[in-house]
Each structure stands twice: as structure tokens, then as C-alpha cells.
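S.K.: could you work out the structure for the sequence below:
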Amino acid sequence: MNFKTYLVTTLFATILFTGTLLFLKVFKFVNWSPIGWTKRFHLFPNEHPVVKWILLAILIFMTILIMLKLFSYTKRINPVFTSVLIGLLIWGFIEWVIKGDFSFIKKSSLPFLAVVIIFCRALVETSVFHELAFHSGSRNKLPSQTDMIK
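M.R.: Model prediction:
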């Protein structure tokens, strides 16, 4: 994946994922706050929530940047398997960090699980597609001047 495509894909995935987290919080699909980590770790306690959401978006951007590069190495593994496995691991880690124990497996965490798996699927598919299309030589090439039939 060329660098411009890499950054644009990461930027749009970050905007969509942050917006989805905001949607889940506003409509009470999750019972925790996506910006609650600032209170727990005593970071920026007096800042406006918009600043906290921007910081969360920056953290998500850096995470997606790393994940896209790592997913490009999984081109030989089925993207569905990879996305479900990584999505479950990410969901479990985030919910475990929020709750501190394994009591997070309940009905209220299913919307977040679905969102994480869907985004992982999109990232894996995008990364694998660009890796196969642009770096393995499978692109169609225009015929050169010597290959032309006269």
C-alpha cells in the first residue's frame, strides 16, 4: 500500500470508528464511556470532553496505523478468520481494561463486539487487497511499445 493510501485509509477508519463509539455512547448501547480512561488514569481531568474525544481519535489513529501494517502480513490467511480472531482479542482486551475482571461478557457488550469485528474485517480486507494488488506484481500492466502488434 502506498503511503498516501495508507494514511487516507487510516484517517477515514479513525473518523468512522470514533464516530461509532460516540454513537454507541450517546444512544446508550454501551454502559461505559469511551473517554472514561482520562478520569481513570488522571489525565486531562479538567479538559473539555471534545479535547478528550480528539485525544481518543489520535490514539485510535495510531492503533489503526499499526494494525493496517500488521494485517498486510496476513495475506495468506483467510481475512474472515483473521478479523474475527483479532476483533475478539481487541474486544476482550478493551472490555477487560475497562472492567478489570471478566464480568464484561454480557448482553450490553455485544454492540461494541460487533463494531470491533466489523472494523477489523474492513481493515483486514483493505490491507490484504492493497498488499496483493500493489506489491505482489498481480496488477495489470499496460503493454510497452515493443509488445504492440503492428
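S.K.: tell me where the longest helix sits in this protein.
M.R.: helix 110-135 (DSSP state H).
S.K.: and it, average pLDDT?
M.R.: What helix 110-135 shows for mean pLDDT is 90.
S.K.: that helix: how far from the chain's middle?
M.R.: Averaging C-alpha positions (C-alpha atoms, centre = their mean, to the nearest Å) puts helix 110-135 7 Å from its chain's average.
S.K.: and that helix, what does it pack against?
M.R.: Based on contacts counted as 3 or more C-beta pairs under 8 Å, 6 or more residues apart in numbering; DSSP states H and E, the elements that helix 110-135 packs against are helix 3-26, helix 49-71, helix 79-99. Where C-beta positions appear, they are placed from N, C-alpha and C, glycine not excepted.
S.K.: rebuild those as TSV, extending it with mean neighbour count and mean pLDDT.
M.R.: Formatted as TSV, the helices and strands packed on helix 110-135 follow (neighbours: other C-beta atoms under 10 Å; pLDDT from 0 to 100):
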stretch	mean neighbour count	mean pLDDT
helix 3-26	15	95
helix 49-71	16	94
helix 79-99	16	90
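S.K.: what about the ones you listed, which gets the closest to residue 133?
M.R.: Within those, the stretch nearest residue 133 is helix 3-26; the backing value is 10.4 Å (C-beta to C-beta).
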